[in-house]
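>>> what would the 3D arrangement of this be:
(2 chains)
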Amino acid sequence: MAEQPHAARTAGHKGQGKRDGNLRGVLRTVFRWLAIGEAVVGGLLLSTIFVLMLVQAGQRYLPGGGWVGTGELARFSLVWLTFAMSGYLMARDEHVTLKLVDYVAKGVVRRLVVLFANIMVAIVCLNLAYEAFGMITQSSLQVSPALGLPIGYFYVIPFAGLTLTAVRSIAAVFLPPRAAGEEQAA
Amino acid sequence: MNMLLLAAAIIALLALRVPVAFALLGPCLTYVTFNGQSFGLSMREMTGAIDSFPMLAVPLFILVGVIASHAGIADRLFDFALSLIGRVKGSLGYVNIGVSVGFSWMSGSALADAAGLGRVEVPAMVRKGYSKRFSVGITAASSLIAPVMPPSIPAVIYASIAAVSTGALFAASVLPALLMAGGLAVAVFFWARRQTDLETQPFDWGRLRVATVRVLAPLLTPVIILGGILGGVFTPTEAAAVGAAYVLLLGLLYRTVRLRDLARILRDTAATTASITLILGASGLLGWILAREQVPQAVADLMLGVTDNQVVFLLMVNVLLLFLGAVLEGTSVLVITVPILLPIAVEFGVDPLHFGVIAIVNLMIGLLTPPIGAVLYVLSPVTNLPVHEVFRGTAPFLIPLLAVQLLITFVPSVVMFLPGALGL
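Model prediction:
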């Protein structure tokens, strides 16, 4: 009988551990797919820039007027690519970062520094995402010069990218790194 | 918000492992909030800094380099250079430099050069009796030629920030890059003279002929890119796209790039691009704040108060950029310092093209020096040497590189000759 509470406690721990494990597994899967999606979008936007610039180089020497929106769409694609890949980079710790602290701080101190960095990134991204959301909802009358794209639409991908970067940073704060963003398979 | 406080906050965040882009953005957003600026200003300034036609060349030149790495072009250049000068004592040292020069016409990144060529060159040199430390040192040092020789990614970024012609800056960078190669070759010459057990290989016309045929098509890449730009056939951005298409075609023909590799090539290029352009976006907002607070004018007044001598100014700039390049990431320093230092340099009578090359070479030397020294950290796992050993191998080569840097700084014609001759 004396063992029962201990056994119950152990079973409780195991149950909790299993639930945590499941949650981590689900999150890992979600973040992996998210990273694949971001990489696909980034790759497609890069391909767009590549093809449009080839078209632009060619249309100068080929008969026919060419398409006026080539340069503008390519420039927009670069902006979208930047924000679309931000979360992907965050998850893989591939943003340009000074990692000096990794050489001077170990253990708890290093973990605290990484935690602080993630919180800072989340704050900055949420702030910018809020601004981007405001631009989406407020800029309905303005359109881009060549494509005629409503300026609000221009900020949709930056908003999504910044939000996903913030999600990655917040996840990294509350979950161990392996669960937060191990998208190596992406 | 005081500018010193802004600077201190940025430095503190950088030291606390916050990614560079967000370390710049955090204090800048605080400034914008506390100064009651209009809603959306930060996003507009950020996107505005990236949304530029010349900047489109950045992902495309990165793409050229990534495809060239996958296509095995470095191996062909290596075979060609070795068959050409294999009988010379210390030949693999010269081959190392020569391959970097050849590869630099296709790749604008030192890290791509070091990672890609390091895997080929260092083991080959060690097999032929070269010490691992020397092999990794010359590989690291010669990788700096890539970001200086056109098509150079830092040059595209500088040209965009400084509003100078990318083509002219490319032309201005050619002689300095060749001088860097020459300086390193001199260092190899003096090192090789002291060695007794280096293997050489006899000259073989047949081998040279085969290697030459194998390298001819890749060597057309710089002709297409630079010839296209300097001949007025393409803009730099279009030339980058055409160059990428050509290298991709070569890779597909050589069967070293397969269609299934394309996804990885595009993903790697997109990730590298985003890591650079996000910093550019952040620097756009920082640049707006610096201009609003008249920081360039204040720094100019301060510097003019210290000296009105161009030589002293350039020495100060060199020391400052070498220091910043050693403790910060090069592209970040470029985008932060150019808006401040360039107007001052112009006041001192320094041409923006000349200043651009000085800044780029200084900051790239920082890739070889601790504590940041990104090339050291790239080569350490590639060669299984600890970082401090990689630096010990690299350190002697800093002498010729710094000598070339002084030459570039104080003999402007080294930089300005080619743009002048080409009428750029």
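
>>> output the lowest mean pLDDT helix or strand found in chain A.
helix A:177-181 (a mean of 48; mean pLDDT, DSSP states H and E).

>>> can you tell me the helix or strand for the most centrally placed residue in chain A?
Centroid-nearest residue in chain A: A:G87, 1.6 Å away (criterion: Cα atoms, centre = their mean). Assigned by DSSP states H and E, A:G87 belongs to helix A:86-91.

>>> what's that helix in contact with?
Taking contacts as Cβ atoms under 8 Å, 6 or more residues apart in numbering or on different chains, the residues outside helix A:86-91 that touch it are A:31, A:34-35, A:38-39, A:42, A:94-95, A:121, A:125, A:161-162, A:164-165, A:167-169, A:172, A:180-183, A:186, B:19, B:271, B:274-275, B:278. In short, each C-beta sits where N, CA and C put it, glycine included.

>>> filter those residues to the buried ones?
A:31, A:34-35, A:38-39, A:42, A:95, A:121, A:125, A:161-162, A:164-165, A:167-169, A:172, A:180-183, A:186, B:19, B:271, B:274-275, B:278 (16 or more other Cβ atoms under 10 Å in any protein chain shown).

>>> could you pull up the contacting residues of B:V210?
If you count contacts by Cβ under 8 Å, 6+ apart, B:V210 has them with B:S83.

>>> how much space between it and B:F103?
Per Cβ to Cβ, to the nearest Å, B:V210 is found 20 Å from B:F103.

>>> next helix or strand past the helix holding A:G87?
Moving toward the C-terminus from helix A:86-91, the next helix or strand (DSSP H and E) is helix A:101-104.

>>> mean confidence score for that following helix?
On average, the pLDDT along helix A:101-104 is 83.

>>> next: stretch B:4-16.
Mean predicted lDDT for stretch B:4-16 stands at 92.

>>> contacting residues around the nearest residue in space to the residue nearest to the centre of chain A that is not next to it in sequence?
In this structure, A:G87 finds its nearest non-sequential neighbour in A:L164, 3.6 Å apart by Cβ to Cβ, 6 or more residues apart in numbering or on different chains. Going by Cβ under 8 Å, 6+ apart, A:L164 touches A:L34, A:E38, A:S86, A:G87.

>>> return the residues of the stretch 151-300 of chain B in contact with chain A.
Contacts of the stretch 151-300 of chain B with chain A, taken as Cβ under 8 Å from any Cβ of the partner chain, map to B:234, B:237-242, B:244-245, B:263, B:266-267, B:269-271, B:273-279, B:281.

>>> before we move on, back to that, now flag whichever of the contacts of A:L164 is closest to B:A192.
A:S86 (47.4 Å; Cβ to Cβ).

>>> tally of neighbours for that closest one?
32 (other Cβ atoms under 10 Å in any protein chain shown).

>>> the residue in the stretch 301-424 of chain B that chain A sits nearest to: neighbour count?
Here the stretch 301-424 of chain B gets closest to chain A at one residue, B:E329, 5.1 Å apart by Cβ to the nearest Cβ. Look at B:E329: counted by other Cβ under 10 Å, it has 22 neighbours.

>>> which residue packs closest to it, ignoring adjacent ones?
Distance criterion Cβ to Cβ, 6+ apart; nearest residue to B:E329, sequence neighbours excluded, is A:V96 at 5.1 Å.

>>> again, but for B:P218
Among residues not flanking B:P218 along the chain, B:I73 sits closest, at 4.6 Å (Cβ to Cβ, 6+ apart).

>>> how about B:V148?
Closest residue to B:V148 apart from its sequence neighbours, by Cβ to Cβ, 6+ apart: B:A177 at 4.3 Å.

>>> which stretch of helix or strand covers that neighbour?
helix B:166-193.

>>> so for the next helix or strand after that helix, what's the average pLDDT?
Downstream of helix B:166-193, the next assigned helix or strand under DSSP H and E is helix B:205-230. Mean pLDDT, helix B:205-230: 91.

>>> could you confirm whether stretch A:149-158 reaches chain B?
Yes: for stretch A:149-158, a contact with chain B is found by Cβ under 8 Å from any Cβ, at A:F154, A:Y155, A:P158.

>>> of the residues you listed, closest to B:L398?
Of the residues of stretch A:149-158 next to chain B, the one sitting nearest to B:L398 (Cβ to Cβ) turns out to be A:P158, at 41.1 Å.

>>> wasn't the closest one part of a strand?
No: per DSSP: H, G, I helix; E, B strand; the rest coil, A:P158 lies outside any strand segment and is helix.

>>> show me the contacts for it.
A:V79, A:W80, A:F83, A:L128, A:A132, B:M43, B:T47 are the contacts of A:P158 under Cβ under 8 Å, 6+ apart.

>>> need the max-distance pair from those residues.
Of all pairs drawn from the contacts of A:P158, the one with the longest distance (Cβ to Cβ) is A:W80 and A:L128, at 14.6 Å.

>>> circling back: and the residue nearest to B:P218, how far is that from B:F103?
Relative to B:F103, and taking Cβ to Cβ, B:I73 is found at 7 Å.

>>> find the residues that touch each one of the two.
Here B:I73 and B:F103 share no contacting residue, scored by Cβ under 8 Å, 6+ apart.

>>> any low-confidence regions in chain A?
A:1-21, A:65, A:139-140, A:176-186 (pLDDT under 70).

>>> how about stretch A:146-166: buried residues?
A:147, A:149, A:151-155, A:157-166.

>>> quick one: which of those sit in strands?
Among these, DSSP state E puts none in strands.

>>> now the helices for chain A?
Using DSSP state H, the helices assigned to chain A run over residues A:3-59, A:70-84, A:86-91, A:101-104, A:107-138, A:151-154, A:156-174, A:177-181.

>>> how about the fourth one and chain B, touching?
Yes: Helix A:101-104 lies in contact with chain B when judged by Cβ under 8 Å from any Cβ; the contacting residues are A:V101, A:D102, A:Y103.

>>> can you flag the buried ones in those residues?
So, by 16+ other Cβ under 10 Å, the buried ones in the residues of helix A:101-104 next to chain B are A:V101.

>>> so B:T269 is in contact with B:A68, correct?
No: with contact defined as Cβ atoms under 8 Å, B:T269 does not count as touching B:A68 (11.7 Å).

>>> report how many residues lie close to A:G134.
Neighbours of A:G134 under the rule other Cβ under 10 Å: 16.

>>> am I right that it is in contact with B:L41?
No: using Cβ under 8 Å, A:G134 is not in contact with B:L41, being 11.0 Å away.

>>> chain center to the longest helix anywhere in chain B, what's the gap?
Scanning chain B for the longest helix, with DSSP H as the assignment, gives helix B:261-292. On the basis of Cα atoms, centre = their mean, to the nearest Å, helix B:261-292 sits 16 Å off its chain's mean C-alpha point.

>>> what's the burial count for B:G206?
With other Cβ under 10 Å as criterion, B:G206 counts 8.

>>> how close does it get to chain A?
Distance of B:G206 to chain A, computed by Cβ to the nearest Cβ, to the nearest Å: 39 Å.

>>> quick one: that residue from B:V213, how far?
11 Å.

>>> same question, B:G243
For B:G243 relative to B:V213 (Cβ to Cβ), the value is 21 Å.

>>> tell me which of those two has more neighbours.
Comparing B:G243 with B:V213 by other Cβ under 10 Å, the one with more neighbours is B:G243, at 30 against 11.

>>> and the host helix or strand of that one, what does it pack against?
Take DSSP H and E as the rule and B:G243 turns out to sit in helix B:236-254. In terms of contacts (3 or more Cβ pairs under 8 Å, 6 or more residues apart in numbering or on different chains; DSSP states H and E), helix B:236-254 is packed against helix A:3-59, helix B:57-70, helix B:166-193, helix B:205-230.
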